[in-house]
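K.L.:
just need the structure, nothing else, for what follows:
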Amino acid sequence: QVELVESGGGLVQAGGSLRLSCAASGRTFSSYSMGWFRQAPGLEREFVAAISWNGGFTYYADSVKGRFTISREHAKNTVSLQMNSLKPEDTAVYYCARRLRGGSSWYDGDEYDYWGQGTQVTVSS
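P.N.:
Alright, predicted model coming up:
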């Protein structure tokens with residue numbers, strides 16, 4: 001059984017920063033790619049960022065490129081999302097997820113099998 005637990009969300013003013021963390025249970029964490037998604041009220045879930053199993057490749061949505069950075073630390077079984085220059089439109093519940101091995105897309109949520117419960121990020125203007 002895999003459990004993903006996000007933390008680090010909160011309320012921040014526009015232009016500020018937050019760092020989200022996702023702690024994963026299970027011994028196989030290091031062999032899976034991971035991703036972050038978000039969902040704002042009334043909108044569909046959208047891809048934010050992803051990182052390959054060895055950290056060698058990262059992928060970002062155009063809306064966050066240059067502002068967000070995804071990273072992972074195998075020793076701690078964690079994946080993090082550093083969010084800088086936050087905007088009100090970044091307000092959403094943020095979820096981390098484990099990507100299926102051999103998946104064809106980094107951006108499609110259907111290619112991810114385990115999800116955390118989410119953490120709320122609110123950016124005030």
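K.L.:
can you name the residues that contact the residue nearest in space to the middle of the chain?
P.N.:
In the chain, the C-alpha nearest the mean C-alpha coordinate belongs to residue 36, at 2.1 Å (C-alpha atoms, centre = their mean). Taking C-beta atoms under 8 Å, 6 or more residues apart in numbering as the criterion, residue 36 is in contact with 20, 22, 48-50, 70, 79, 81, 94-97. All C-beta spots, glycine's among them, are computed from the backbone N, C-alpha and C.
K.L.:
what's the helix or strand for it?
P.N.:
For residue 36, the host element (DSSP states H and E) is strand 34-39.
K.L.:
for that strand, what is the average pLDDT?
P.N.:
Regarding strand 34-39, the rounded mean pLDDT is 98.
K.L.:
likewise for stretch 70-88?
P.N.:
96.
K.L.:
how long is it end to end?
P.N.:
End-to-end span of stretch 70-88 (C-alpha to C-alpha, to the nearest Å): 20 Å.
K.L.:
helices of the protein, residue ranges please.
P.N.:
Counting by DSSP state H, the chain forms no helices at all.
K.L.:
the strands in it, which residues?
P.N.:
Assigned by DSSP state E, the chain shows strands spanning 4-7, 10-13, 18-24, 34-39, 46-51, 58-60, 68-73, 78-83, 92-99, 112-115, 119-124.
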